[in-house]
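Asker: I would like to see how this sequence folds:
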Amino acid sequence: MSNDVVVALDVGGTGMKCALVKPDGTVVHAERHPTLAQRGPEAVTANILDIATGLAGRARAEGLEPVAVGLVVPGVIDEENGVAVWSSNVGFRDVPMRALMQERLGLPTAVGHDVRAGGLAEARLGAGRSERHVLFIAIGTGIAAAHVVDGKAEAGAHGAAGEVGHIVVRPGGPACPCGGRGCLEAVASASAVGRRYVELSGEAGVTAYDVATRAAAGEELANRVWTEAVEAFADGLLTAQALYDAGIIVLGGGLAEAGEALLTPLRAALQARITFHRMPQIVRAALGDTAGCLGAALLALDHLEVTQ
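Answerer: Numbers count the residues shown, from 1 in each chain. The predicted model follows:
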């Protein structure tokens, strides 16, 4: 129906991006809210349910019919059963979000992983929409990926597929929060780039974006740190390409905001490493920080098709 919408929520550690989305992907209303993670997981859950209820009510008040809910969160997600198994960012552990949402709103609900949802949106609606095999990589505080084939993102046997940030690219290197050493995430994430510069310079508060800007301006130390990160990232992509054979790699997240300052040297570094692999396109994400919310809407629509 032309007045059908889905309620979409992308929950992050700090904020939530929420929207009412039509089946064709048109956003008819969007809003943002703090997650309030510091108040604990029960408060976060209550906040999510209240916001979703408010969105559904707004839809009806505007003559629209909410038909499903899509909710995406970080961490390990049991998508089949709609359970947030574990999320350090928001404190979730075995939270039955689908059951809680369906009980509150009486609507079919899909629960998914934020990065996989972002990859789904980029593959269907964004930078990867012309390709069948899309690898979406979000580079922010951490690094995670979604492998999308023919518009479907695979979660893996345990809901943990796509953890390219934990490919070891520098054995024995910097400690990673996962417990390993030398993971891609510990060397080439936005947080790692800023941290490395601070360690070498002694200057506090420098971000990855600052490093990219200073490198582009010709600063020697910034260029060294940036080049180290790009080289490590190329090593990680070589392994990822050996595993996934993507037609296009779409880069999102904070570090991708550097644009060609990242993409141009990264393409060259990967090309130099390629042997039998096929060189993928490497492009910047098109949907920005709305990708997760749009992906949540797509999950809801897919779930609705299955349940009808």
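
Asker: Return the distance of residue 254 relative to residue 89.
Answerer: Between residue 254 and residue 89 the distance is 15 Å, computed by Cβ to Cβ, to the nearest Å. For the C-beta atoms, the positions are set from N, CA and C on the backbone; glycine is no exception.

Asker: averaged over its residues, what pLDDT does stretch 200-211 have?
Answerer: Mean pLDDT, computed over stretch 200-211, is 96.

Asker: how about that stretch: buried residues?
Answerer: 206, 207, 208, 209, 210, 211 (16 or more other Cβ atoms under 10 Å).

Asker: if I pick the fifth one, what's in contact with it?
Answerer: Okay, so that is residue 210. 194, 197, 222 (Cβ atoms under 8 Å, 6 or more residues apart in numbering).

Asker: For the second one, grab the count of nearby residues.
Answerer: Translated: residue 197. The tally of other residues near residue 197 (other Cβ atoms under 10 Å) stands at 25.

Asker: dump the residue contacts of residue 238.
Answerer: Applying Cβ under 8 Å, 6+ apart, the residues contacting residue 238 are 270, 273, 274, 277.

Asker: Residue 232: what secondary structure?
Answerer: Reducing the assignment at residue 232 to three states with DSSP: H, G, I helix; E, B strand; the rest coil gives helix.

Asker: Residue 189 is in contact with that one, correct?
Answerer: No. Under the criterion of Cβ atoms under 8 Å, residue 232 makes no contact with residue 189, lying 10.0 Å away.

Asker: Settle it for me: which of the two has more neighbours?
Answerer: In this comparison of residue 232 against residue 189, neighbours counted by other Cβ under 10 Å, the higher total goes to residue 189 at 27 against 23.

Asker: Restricted to helices, list the contacts of residue 210.
Answerer: Among the contacts of residue 210, the members found in helices (DSSP state H) are 194, 197, 222.

Asker: Just send those residues back as TSV, with distance to residue 305 and pLDDT too.
Answerer: Formatted as TSV, the ones in helices among the contacts of residue 210 follow (distance: Cβ to Cβ, whole Å; pLDDT from 0 to 100):
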residue	distance to residue 305	pLDDT
194	43	97
197	47	98
222	49	98
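
Asker: show me the contacts for the residue nearest the centre of the chain.
Answerer: When the chain is reduced to its mean C-alpha position, the closest residue under Cα atoms, centre = their mean turns out to be residue 115, at 2.7 Å. Applying Cβ under 8 Å, 6+ apart, we find residue 115 in contact with 74, 136, 138, 144, 145, 146, 162, 292.

Asker: residues in contact with the closest residue to residue 111 other than its chain neighbours?
Answerer: With Cβ to Cβ, 6 or more residues apart in numbering as the criterion, residue 111 has its nearest non-adjacent residue at 4.2 Å, and that residue is residue 82. By Cβ under 8 Å, 6+ apart, the contact list for residue 82 reads 96, 97, 98, 99, 109, 110, 111.

Asker: Just send those residues back as CSV, with pLDDT, secondary structure and neighbour count too.
Answerer: As requested, those are exported to CSV (pLDDT from 0 to 100; DSSP: H, G, I helix; E, B strand; the rest coil; neighbours: other Cβ atoms under 10 Å):
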residue, pLDDT, secondary structure, neighbour count
96, 97, coil, 16
97, 97, helix, 25
98, 98, helix, 22
99, 98, helix, 14
109, 98, strand, 27
110, 98, strand, 28
111, 97, strand, 28
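
Asker: Please identify which two of the residues you listed are farthest apart in space.
Answerer: Farthest apart among these by Cβ to Cβ are 96 and 110. That separation is 13.6 Å.

Asker: For the residue nearest to residue 4 when sequence neighbours are not counted, give me the backbone phi and psi.
Answerer: Spatial nearest neighbour of residue 4, chain neighbours left out: residue 67 (4.9 Å); criterion: Cβ to Cβ, 6+ apart. Backbone dihedrals for residue 67, given as degrees, to the nearest 10, come out at phi -110, psi -10.
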